[in-house]
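In: Based on what follows, work out the 3D shape:
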Amino acid sequence: MTVEQWAIVIGVATSAFLALTPWTFMVHAKLAVLAAQMASLDDKVDSLIRANEQRLPQCVQHEARLDTHEVQIAHIEERMRELV
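Out: From the prediction side, this is the model:
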């Protein structure tokens, strides 16, 4: 290749590099923001899972109490019918 051809190749490569560099930094910055948001979302999901695991025994206990109350109400209804 001649010197002129090398100059053209180097000029085209330099122009492409200078044109793509800002776009590359922009994409890199957006990817960094997305990665940070995904990490934050992952932490939030983990905290929701932990909260649900802590709340589950309490829900089971409340449901058992409701069953007990339903049985008690049924007994009271029977007694009320007997009295009437």
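
In: Next up, the contacts around the residue nearest the centre of the chain.
Out: In the chain, the C-alpha nearest the mean C-alpha coordinate belongs to Leu41, at 3.9 Å (C-alpha atoms, centre = their mean). By C-beta atoms under 8 Å, 6 or more residues apart in numbering, no residues touch Leu41. The way it works is simple: take the backbone N, C-alpha and C, and place the C-beta from them, glycine included.

In: Let the chain start at 47 from now.
Out: With 47 as the first residue, the last one maps to Leu87.

In: Please identify the helix or strand for it.
Out: helix 49-129 (DSSP states H and E).

In: what's the spacing between the residue nearest to the centre of the chain and Ala78?
Out: Noted for Leu87: a distance of 15 Å to Ala78, by C-beta to C-beta, to the nearest Å.

In: now do Asp92
Out: Here the distance between Asp92 and Ala78 works out to 21 Å (C-beta to C-beta).

In: again, but for Trp69
Out: In terms of C-beta to C-beta, Trp69 sits 15 Å off from Ala78.

In: Same question for Leu129.
Out: According to C-beta to C-beta, Leu129 stands 75 Å off from Ala78.

In: Give me the more crowded residue out of the two.
Out: Neighbour count, other C-beta atoms under 10 Å: between Leu129 and Ala78, Ala78 has more, with 10 against 6.

In: who are the neighbours in contact with the more buried one?
Out: The contact partners of Ala78, by C-beta under 8 Å, 6+ apart, come to none.

In: What is the burial count for Gln51?
Out: 9.

In: Need the pLDDT of it.
Out: You'll see Gln51 listed with a pLDDT of 93.
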